[in-house]
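Chemist: below is the structure, and that's it, no one-letter string:
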């Protein structure tokens, strides 16, 4: 209603009791001061706006109440891509401000609402009023307990409020990337046993899920698998092949899978057996009769082999404690050679008081039972017992008698046992402390085996000693014959006097010379 004689300069606007002045910016008052316009209103502009008109009957007042709503604004999260390791707990925080207080909800990527009924998903909420900004803060936390790989994906946070002109909302989306450490599963035996020279393989697989992709590496007893050309990786490093395995390949092989989420290892153990090998030894040995003989059989293998000596008939020579009471002894010792990575077994065969019956073959045999196989090696030792030659008269006696002009024979024989056998090269005749005359002397002849010497047309000057000497590497033996030469009596008559004529009654003397 118009007021007569109204002085507009006396009209006054107040907000919450405080006078308002036109500032040329946010506040604009009409020229007649009956209207007030606010630009870019803020929450702090809310309140009671009063127009006071002075009058003689008392001031006339009109009050307007302004309520300023603030659309919901999500101020957190600030990260929209997060990495989380599986099995850990993780919390998303959605912080929205506005007025009236916004309602905050969480949804999966497909729009399904998340609430506390989903078990591992826990939602907690808090509301606070900020007096300085006059805004309500709504903080809603989504906690995922023991994060699983299946929890990966997008999560939506939405804040909405009912305003005077309808509903207003804002959404923020966050992507959860779940890192899963690798888990190794063996695809081959953890314990592998092979023979030296064979091949071995180890294989693994990486169980799903794993994120990010794991890097697989191997280590061997020698260090890195790249240190030996005999190690070959295949199938994206999921398998390791060892070719022509040697003893130093024995040990632990470790597969290591690693990614940003963690690491896993798997170990394999390789045992490389070494076949028994008898080190070379002299296959033919000699021992002196009545003497002592010793031979060693050295065997390398892994593990230690059983070593035994056998007679030629297959009878085992028992393992004994070296004792002078035993004519045949077998002792054994075993050591581990760290440089060769092999067990070394030394079996010693000792024989004393050797006789010719000990001559023959002796077998050393090594036995190793592994991988359901009997692995063997054997060597043969030929033992020859040296028996010195012994000579004897084969016919007659050592005293040989002959008649001048006739032939005499000295006969000998070699008495068994003798080893080595006596040959013609081992026999030497000597006559009267000298050597046998040259073969050009027609009176001396030897038979084929040189054991018989014949002397033709003997004379008194041939009498004396005749010695046969047998010399071998076993020793020397001599046999001496003594020759006596007899001469038949011979009557020598006077020269050309076969008949004598004398007169009767004369004396006659006839001389007869006998030699």
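Modeler: Arrived safely, thanks for sending. As the structure is a computational prediction, the values presented were derived from the model and not from experiment.

Chemist: where in the stretch 1-150 of the chain is pLDDT low?
Modeler: 1-8, 23-24, 118 (pLDDT under 70).

Chemist: one more time with 90
Modeler: 1-36, 38-46, 52-61, 76-81, 115-120, 131-134 (pLDDT under 90).

Chemist: quick one: the strands in it?
Modeler: 12-15, 18-19, 27-29, 36-38, 47-53, 60-66, 70-76, 81-85, 90-99, 103-108, 121-130, 135-144 (DSSP state E, counting those that start in this stretch).

Chemist: what comes up buried for the last one?
Modeler: The neighbour-count criterion (16 or more other Cβ atoms under 10 Å) identifies 135-142, 144 as the buried residues of strand 135-144. Any C-beta I mention is one placed from the backbone N, CA and C, and that applies to glycine too.

Chemist: give the other helices and strands that that strand contacts.
Modeler: strand 90-99, strand 103-108, strand 121-130, strand 153-163 (3 or more Cβ pairs under 8 Å, 6 or more residues apart in numbering; DSSP states H and E).

Chemist: 10 Å instead, please
Modeler: Packing partners of strand 135-144 (3 or more Cβ pairs under 10 Å, 6 or more residues apart in numbering; DSSP states H and E): strand 70-76, strand 90-99, strand 103-108, strand 121-130, strand 153-163, strand 166-179.

Chemist: ok, now the second one?
Modeler: Strand 18-19 sits against strand 47-53, with contacts defined as 3+ Cβ pairs under 10 Å, 6+ apart.

Chemist: and the strand it packs on, which strands flank it?
Modeler: strand 12-15 (antiparallel), strand 60-66 (antiparallel) (DSSP bridges).

Chemist: how far off centre is it?
Modeler: Here strand 47-53 shows a centroid-to-chain-centroid distance of 96 Å under the convention Cα atoms, centre = their mean, to the nearest Å.

Chemist: list the contacts of it.
Modeler: Applying Cβ atoms under 10 Å, 6 or more residues apart in numbering, the external contacts of strand 47-53 come out as 3, 6-8, 10-20, 29, 33-36, 38, 59-68.

Chemist: make it 6 Å
Modeler: 11-16, 59-66 (Cβ atoms under 6 Å, 6 or more residues apart in numbering).

Chemist: need the max-distance pair from these.
Modeler: Using Cβ to Cβ, these reach their maximum pairwise distance at 59 and 66, which is 21.3 Å.

Chemist: minimum distance to residue 354: which of the strands of the stretch 1-150 of the chain has it?
Modeler: Closest approach to residue 354 among those (Cβ to Cβ): strand 81-85, 80.9 Å.

Chemist: how about the contacts of strand 47-53 in JSON lines, adding distance to residue 355?
Modeler: As requested, the contacts of strand 47-53 are arranged in JSON lines below (distance: Cβ to Cβ, whole Å):
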{"residue": "11", "distance to residue 355": "153"}
{"residue": "12", "distance to residue 355": "150"}
{"residue": "13", "distance to residue 355": "146"}
{"residue": "14", "distance to residue 355": "144"}
{"residue": "15", "distance to residue 355": "139"}
{"residue": "16", "distance to residue 355": "138"}
{"residue": "59", "distance to residue 355": "155"}
{"residue": "60", "distance to residue 355": "156"}
{"residue": "61", "distance to residue 355": "150"}
{"residue": "62", "distance to residue 355": "149"}
{"residue": "63", "distance to residue 355": "145"}
{"residue": "64", "distance to residue 355": "142"}
{"residue": "65", "distance to residue 355": "138"}
{"residue": "66", "distance to residue 355": "136"}
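
Chemist: give me the buried entries from these.
Modeler: 11-15.

Chemist: thinking again about what came up before, adding distance to residue 459, write the strands of the stretch 1-150 of the chain out as a markdown table.
Modeler: Below are the strands of the stretch 1-150 of the chain laid out as a markdown table (distance: least, Cβ to Cβ, whole Å):
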| stretch | distance to residue 459 |
| --- | --- |
| strand 12-15 | 178 |
| strand 18-19 | 179 |
| strand 27-29 | 177 |
| strand 36-38 | 175 |
| strand 47-53 | 175 |
| strand 60-66 | 175 |
| strand 70-76 | 146 |
| strand 81-85 | 124 |
| strand 90-99 | 133 |
| strand 103-108 | 141 |
| strand 121-130 | 139 |
| strand 135-144 | 135 |
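
Chemist: nearest to residue 418, of the ones you listed?
Modeler: strand 81-85 (91.9 Å).

Chemist: which residues touch that closest one?
Modeler: Contacts to strand 81-85, defined as Cβ under 6 Å, 6+ apart, come from residues 90, 147, 175-179, 261.
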